[in-house]
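Colleague: Let's see this in three dimensions:
(2 chains)
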2 protein chains.
Amino acid sequence: MNAEIIAVGSELLLGQIANTNAQFISEQLAELGINVFFHTVVGDNPKRLEQVIHIAQTRSNLIIFTGGLGPTKDDLTKEVVAKCLGRALVTDKTAMDQIEAYFIKQGRVMTENNRRQAIILEGSHVLPNNNGMAPGMIIENPEHRYILMPGPPSEMRPMFLNSVKPYLMNDLNEPLHSRVLRFFGIGESALETELMDLIDSQTNPTLAPLAKEGEVTLRLTAKHKDAAVAQELLNDLEQKIQSRVGQFLYGYGDATSLPKVVFELLKEKHLTVAAAESLTGGLFSQQLTDLPGASSVFKGAVVSYTNQVKGHLLEVAQTTLDNAGAVSRACAEEMAIGAKKQCGSDIGISFTGVAGPSTEEGQPIGTVFIGIADDNETVVHALELNGSRAAIRKRTVLHGFDFLRRHLID
Amino acid sequence: MNAEIIAVGSELLLGQIANTNAQFISEQLAELGINVFFHTVVGDNPKRLEQVIHIAQTRSNLIIFTGGLGPTKDDLTKEVVAKCLGRALVTDKTAMDQIEAYFIKQGRVMTENNRRQAIILEGSHVLPNNNGMAPGMIIENPEHRYILMPGPPSEMRPMFLNSVKPYLMNDLNEPLHSRVLRFFGIGESALETELMDLIDSQTNPTLAPLAKEGEVTLRLTAKHKDAAVAQELLNDLEQKIQSRVGQFLYGYGDATSLPKVVFELLKEKHLTVAAAESLTGGLFSQQLTDLPGASSVFKGAVVSYTNQVKGHLLEVAQTTLDNAGAVSRACAEEMAIGAKKQCGSDIGISFTGVAGPSTEEGQPIGTVFIGIADDNETVVHALELNGSRAAIRKRTVLHGFDFLRRHLID
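Modeller: Predicted coordinates for the structure are as follows:
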């Protein structure tokens, strides 16, 4: 099956938004083993959309549309697809009832143009929209399948996952089973070198590394009719990977992250943390408090951008600041102890270093110290990082979460 | 001139990255008044790329390529375009010298495949690449213009701005002059209502509103051969806009932001700020310290996620916490004063409220208090915000920067 994704919407051609729908669908189809050969973006123009559909029919057999299903005159995907396929447009009773119920619930009067959203192509399989009004649809012809979905990602993504993906999987003789392994602290090329023979000899399961934002993801995908057999194939491969680079594995799945893993570990162990942040300027605290329920594990932080704040609020000794300096192992140690004590947490974590743009106290850009204090001891990790100011800040925080994770599983 | 943007790269079809290059170029071309009718994405496959070029030639006269100019066998844009145009490929001496110099500077040995990057289409106008090795090129035919640029945005964007944009502007009889006005505190529809007659009657200058991330941008574009006349047209329109919604205007240009405006105001007035953050959990501090040189205006912050931290580190009175509660006008006031005093800054700003997922102390989600303290007085602003936890946190911080901005220009 060769797929083409057609996004309809002038806002894309004006550069107001990026075509993230095509990225999402492509990633999903890649997981299902379906080749995507083309993405096309076209505006709200019936003649050009018709041309684009005719071209797609000559080169693709799965044609997925996003956008142009709304209530306004600009929304013309259904009309043009109907014309190209020679199908009639009819009102879908279920969709109409849902739209009317939506307006009653909102206490609003439904305008006439909203009826357009209940119109579908005759003979199509209707996909419910749980996050908006325009339903999606699947149309099957002997040579082509057409899938129409709304443009807003908040409507399209759940519709794809809940309706389109099961439909496509049902169609594959040997369903795919994936497992995603997340690594931190090892680069993509080092990971590939360690696993070279496994990558070179892959057939079933397949093994795909992907680097993003300071970490590496490995996607293992097994094909088998029997789910239990597929899981065994994945277990065998994971075991081989674990034996070589298991010390860098921190979690499973696309949705996890180092902050989430640390948050779950803290909750599980009924422990709390507090932070002292210099070069990271609040980034660690912000990432942890992004997670709903963070207050059960996080007490607070001191962002100490001056020596005065380090001394006054974190009780870093003046002699430490004078002798070792603010960017030092000794200062990181006292900051971690200070955060723990001043915020009343079980664990204190500290970040001090030089993010740039200029060096500080004679220390080069990228010098970083991370301290972790608990009731028993305080450990300081020294790092030398590369990259821009923003990259150094981000990586410092990722390392902090990873040190904390290792501390918690010790 | 009708443009089509063709991105070449299998990583786009696998969904590993979104086609942000097409968005960037589209936005730039829209500013220049050039219509973009299609975006196409195709993989590293010569046959399919050739098909895509032939289709583009039938419907577009400005064809812009991104990607496929690198040193590996996968990079085949030049070869296929040369074939479609019947042009030879030749080595460009300037590009070759630059590549060789690059390797010498890096102390690395140049591998043979890097020579491929100095190959250009015969008769093309070469575009220097200041951020990588592969040069871009412009090829003019009677009916079409072709522009080839590298795929990495860090190379493509400066090349577009430095070479392609001037080339295209030179070509327009009446160059375009733009001015971007940034607003905060007024919604897109309210702004449109206020300016309805100006929007409806627009011809030269044109007026385009765009909402993004809690703020609204207005782009004014005037067309005139004489730059001074164009600026006058823009001044006249801006004056009309100012007289109606000037109180919401906070800055000019695509590159500015509320944190940047506040940072510049603080620097200009030689003032420093410190923060006390509850519901925002470090987000305000993180955004301010994202800016290089933040240490000249920012002393530090206390992230007070518990009442204990509010009392101990910010000196919020126990009676305030007991009687008014942590989410209150009184607590915001004492937090702002505490941040100022404890961090030794000229101004203290505080954030307390309920971001969700659950209500707190009987206060509904979205209740927010922001305090600003200086040597003379302390003012507390109360807000009721809607949206997800993440949206409430983001908007709270934007409001905080805006209150601070108004405080500083008072």
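Colleague: Need phi/psi at residue A:352.
Modeller: Dihedral angles of residue A:352 (phi, psi; degrees, to the nearest 10) stand at phi -140, psi 150.
Colleague: what are the ranges of the strands in the stretch 1-150 of chain A?
Modeller: With DSSP state E, counting those that start in this stretch as the criterion, the stretch 1-150 of chain A has strands at A:2-8, A:35-42, A:62-66, A:89-91, A:119-121, A:125-127, A:136-140, A:145-149.
Colleague: what's the angle from the last one to strand A:136-140?
Modeller: Relative orientation of strand A:145-149 with respect to strand A:136-140: 170 degrees, computed using axes from the mean of the first three to the mean of the last three C-alpha atoms, to 10 degrees.
Colleague: chain center to strand A:145-149: distance?
Modeller: Centroid separation for strand A:145-149 versus its chain: 25 Å, with C-alpha atoms, centre = their mean, to the nearest Å.
Colleague: And the contacts of that strand?
Modeller: Applying C-beta atoms under 8 Å, 6 or more residues apart in numbering or on different chains, the contact partners of strand A:145-149 are A:21, A:61-66, A:69, A:77-78, A:81, A:85, A:121, A:127, A:136-139, A:155-156, A:159-160, A:164. C-beta: built from backbone N, CA, C; applies to glycine.
Colleague: Buried only: go through these for me.
Modeller: Among the contacts of strand A:145-149, those classed as buried by 16 or more other C-beta atoms under 10 Å in any protein chain shown are A:21, A:62-66, A:69, A:77-78, A:81, A:85, A:121, A:127, A:136-139, A:155-156, A:159-160, A:164.
Colleague: do the helix or strand harbouring residue A:183 and chain B meet?
Modeller: For residue A:183, the host element (DSSP states H and E) is strand A:176-184. No. Against chain B, strand A:176-184 shows no contacts by C-beta under 8 Å from any C-beta of the partner chain, the least distance being 13.8 Å.
Colleague: can you pull out the strands in the stretch 151-300 of chain A?
Modeller: Along the stretch 151-300 of chain A, the segments classed as strands by DSSP E, counting those that start in this stretch run A:176-184, A:206-212, A:215-223, A:249-252, A:273-277, A:298-304.
Colleague: what comes up buried for the shortest one?
Modeller: Put plainly, it is strand A:249-252. Under the neighbour-count criterion of 16+ other C-beta under 10 Å, strand A:249-252 has A:249, A:250, A:251 buried.
Colleague: Alpha carbons of that strand, as CSV, please.
Modeller: Extracted C-alpha coordinates of strand A:249-252, given in CSV (Å, rounded to 0.1, in the frame of the first residue of the first chain):
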residue,chain,number,x,y,z
LEU,A,249,17.9,2.7,29.3
TYR,A,250,15.6,4.9,31.3
GLY,A,251,12.1,4.1,30.2
TYR,A,252,9.6,2.7,27.6
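Colleague: Give me the mean pLDDT for that strand.
Modeller: On average, the pLDDT along strand A:249-252 is 96.
Colleague: Repeat that for the first one.
Modeller: Mean per-residue pLDDT for strand A:176-184: 89.
Colleague: ok, and what's touching that strand?
Modeller: Here strand A:176-184 makes contact (C-beta under 8 Å, 6+ apart) with A:31-33, A:169, A:191, A:214-224, A:227, A:230-231, A:234, A:238, A:241, A:245, A:248-254, A:256, A:258, A:398, A:402.
Colleague: That one to strand A:215-223, inter-axis angle?
Modeller: With the same axes, to 10 degrees applied, the angle from strand A:176-184 to strand A:215-223 works out at 160 degrees.
Colleague: which of the buried ones among the contacts of strand A:145-149 come close to chain B?
Modeller: Counting by C-beta under 8 Å from any C-beta, no member of these is near chain B.
Colleague: closest to chain B among the buried residues of strand A:249-252?
Modeller: Closest approach to chain B among the buried residues of strand A:249-252 (C-beta to the nearest C-beta): residue A:251, at 20.0 Å.
Colleague: OK, contacts around the closest one?
Modeller: Listed by C-beta under 8 Å, 6+ apart, the contact set of residue A:251 reads A:182, A:257, A:258, A:260, A:261.
Colleague: Which residues are in contact with the fourth one?
Modeller: Shown in contact with residue A:260 (C-beta under 8 Å, 6+ apart): A:251, A:291.
Colleague: before we move on, back to that, any chance of JSON lines for the buried residues of strand A:249-252, columns distance to residue B:313?
Modeller: Output for the buried residues of strand A:249-252, formatted as JSON lines (distance: C-beta to C-beta, whole Å):
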{"residue": "A:249", "distance to residue B:313": "37"}
{"residue": "A:250", "distance to residue B:313": "32"}
{"residue": "A:251", "distance to residue B:313": "33"}
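Colleague: Return the set of buried residues in stretch A:320-332.
Modeller: Within stretch A:320-332, the residues that qualify as buried are A:320, A:321, A:324, A:325, A:326, A:327, A:328, A:330, A:331, A:332, counting by 16+ other C-beta under 10 Å.
Colleague: what about the biggest helix by length in chain A, average pLDDT?
Modeller: Longest helix of chain A, by residue count under DSSP state H: helix A:389-409. Mean pLDDT, computed over helix A:389-409, is 96.
Colleague: got it, and stretch A:105-120?
Modeller: Mean per-residue pLDDT for stretch A:105-120: 82.
Colleague: roughly how far out does that stretch sit from the chain middle?
Modeller: Taking C-alpha atoms, centre = their mean, one finds the center of stretch A:105-120 at 34 Å from the center of the full chain.
Colleague: That one spans what distance, first to last residue?
Modeller: Stretch A:105-120 has an end-to-end distance of 24 Å (C-alpha to C-alpha, to the nearest Å).
Colleague: That one and chain B, are they touching?
Modeller: No. Using C-beta under 8 Å from any C-beta, stretch A:105-120 stays clear of chain B, coming no nearer than 14.8 Å.
Colleague: Pull the residues that contact that stretch.
Modeller: Taking C-beta under 8 Å, 6+ apart as the rule, stretch A:105-120 contacts A:69-72, A:75, A:78, A:89-92, A:95-96, A:99-100, A:103, A:126, A:133-135, A:137.
Colleague: let's see 10 Å
Modeller: Defining contact as C-beta atoms under 10 Å, 6 or more residues apart in numbering or on different chains, one finds that stretch A:105-120 is touched by A:69-73, A:75, A:78-79, A:82, A:87-100, A:102-104, A:126-127, A:129, A:132-137, A:139, A:148, A:150.
Colleague: Ignoring the adjacent residues along the chain, who's closest to residue A:213?
Modeller: residue A:394 (7.3 Å; C-beta to C-beta, 6 or more residues apart in numbering or on different chains).
Colleague: Distance-wise, check that neighbour relative to residue A:16.
Modeller: Residue A:394 sits 27 Å away from residue A:16, going by C-beta to C-beta, to the nearest Å.
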